[in-house]
Structure formats: C-alpha cells, structure tokens
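Engineer: below are the sequence and a predicted model for it; my questions follow.
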Amino acid sequence: MTEVARIPLKPAPDPDPVVRLKGFSRSFGETKVLTDLDLSIAPGEFVALLGRSGSGKTTLLRTLAGLDDRAGQDVVVPPSRATVFQDARLLPWKKVWQNVALGLAKGAPRHHAEQALREVGLAHRLDAWPLTLSGGEAQRAALARALVRKPDLLLLDEPFAALDALTRIKMHALVLALWRAHRPAVLLVTHDVDEAMALADRILVLDKGQIAAEERIGAARGQRATVVRALRGRLLRHLGLDTEDGVYADLIARSPTGEA
C-alpha cells in the first residue's frame, strides 16, 4: 500500500491587531510625552497599562480614544471604540437610560439601554436620576453606556480608582464577566499593580514615553497565586520601587486584589 506523504498544516496566522501604533510620538511644546512608541493589541486581548504619574498613560489613552490629534502618524484604531473614565461623566439632567443611550443612532434606544443596564445589574435604575446613584452604580452605568455601542476596543481610564475596596472587587468581577461575554480588546490604565495582575493577560509599563517593560500572565484567572509574588516584585521594580527595601516587603507578599 502506497504511503501518502503528510503535508504539515501551516499554523493559522495571527489576527491583525485591532490597535497598532508604530513610532508614535507626542509633544506639548518642548516637552516630549511619548517618543517612538510601538504598541499593538490583538482582538479580544485584555491589556493593562501601568506607569508613574507623568509617564504618558493618559496621553496614550486619549490618542486611542480619538480625543487627541494623530494626523500624519502610523496609528490604527477601530472605528468602534468606547471609553470609561474615572469619573462616570453622567449628565445629571438625563435619566440613567438616556445617559446610556446617548448618541445611539440605531432604533429603539431605550430598549438597547435597558439590555445594557440589565447586563451590569442596573435594570431597576433605568429611570433614576444620576445624582441618586452610588459611586459603584454610576460606574456600572458608564460601563453600560460603553458596551451598548458594542465596541471593538474598550478603553478604561482608572475607572475604579475612586471606589471603596469592596465595590472595586465587585467591579473587577463585572468587567471580567462583560469582557468574556462581548470580547472587545481592552486597554486598562491603572496605578494598581494588583488590579493589573487580576484582570489582564498582558501588562505593559510605560516610562519616559516608551514601553519600558512587558509581562505576560499565562496562568488562568483564579489560579495566579503561585505567580503573582514574583510578578509583583518585577512590576514594582519596573515602576522604580526598590523591592529590597523593607517598606515594600508587605506589598510584594500580599495576595492579589479580588479574584484573579
């Protein structure tokens, strides 16, 4: 019997990135904020961005959100994107559902807003006024407003920084559940190393206008306890902290925030 030669299958090509910046630079006057920065984010990837104050995190996020001019530079971002800021930025003179539906071009905006609010656990606050919401409820409404647009790219600019610890953990779980359901690419800007390790699969450290370090987490969420100690130490060193100093010993030994 003649043996048929087996032709090895070619591996599937990597998908085109949903975000790509190549050699991106940004200055304000004489101050260089971002310099020859390269960045790519794959479809459905969850990336966290860490950096000291003034490192350029907000400038990068504003570029990806389309809030800053990027003319003449090699920048690719999807047309469908949404941003959640630290401040929920709800219009107080519009009801919660109206805030969520703001700018929707498709029909039945109240119906779509109600579906989004149900996903974040706020269907019962559909007709409430924003000033009656708690901090956590306001951020959930902001998430609903972002996700109702079904973005290919979701930008999170320290959206949990102003929340208490318990509400923050609940928001982490909600964000992960929404990400699993909708699978947008996510870029989370945060100062919290534990938050980055709990939520992201790839962590970038921005320093002096460039990506200074990259860490990938292979362990599944909920099974990261064995890797976070060493990873936390590396990230703190990337951020300029002397991890040999006893001041930071407790930080390095801590459990990750919430469910990883």
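Structural biologist: Nice, thanks for sending it over.
Engineer: keeping just the C-alphas, turn stretch 171-179 into CSV.
Structural biologist: The C-alpha coordinates for stretch 171-179 follow below in CSV (Å, rounded to 0.1, in the frame of the first residue of the first chain):
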residue,chain,number,x,y,z
MET,A,171,-16.4,45.9,39.6
HIS,A,172,-13.4,43.7,38.7
ALA,A,173,-15.7,40.6,38.6
LEU,A,174,-18.3,42.6,36.5
VAL,A,175,-15.7,43.8,34.0
LEU,A,176,-14.3,40.3,33.5
ALA,A,177,-17.8,38.9,33.0
LEU,A,178,-18.7,41.6,30.4
TRP,A,179,-15.3,41.1,28.7
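Engineer: quick one, strands of the stretch 101-250 of the chain?
Structural biologist: In the stretch 101-250 of the chain, the segments counted as strands under DSSP state E, counting those that start in this stretch are 153-157, 185-189, 202-207, 210-216.
Engineer: for the ones you listed, give me JSON lines that also has mean pLDDT and mean neighbour count.
Structural biologist: C-beta here means a position set from N, CA and C on the backbone, and glycine is covered the same way. Listed next are the strands of the stretch 101-250 of the chain as JSON lines, based on pLDDT from 0 to 100; neighbours: other Cβ atoms under 10 Å:
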{"stretch": "strand 153-157", "mean pLDDT": "95", "mean neighbour count": "24"}
{"stretch": "strand 185-189", "mean pLDDT": "96", "mean neighbour count": "24"}
{"stretch": "strand 202-207", "mean pLDDT": "92", "mean neighbour count": "21"}
{"stretch": "strand 210-216", "mean pLDDT": "90", "mean neighbour count": "15"}
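Engineer: residue 72: which of those strands is closest?
Structural biologist: strand 210-216 (19.6 Å; Cβ to Cβ).
Engineer: helices or strands up against that closest one?
Structural biologist: strand 31-41, strand 202-207, helix 225-238 (3 or more Cβ pairs under 8 Å, 6 or more residues apart in numbering; DSSP states H and E).
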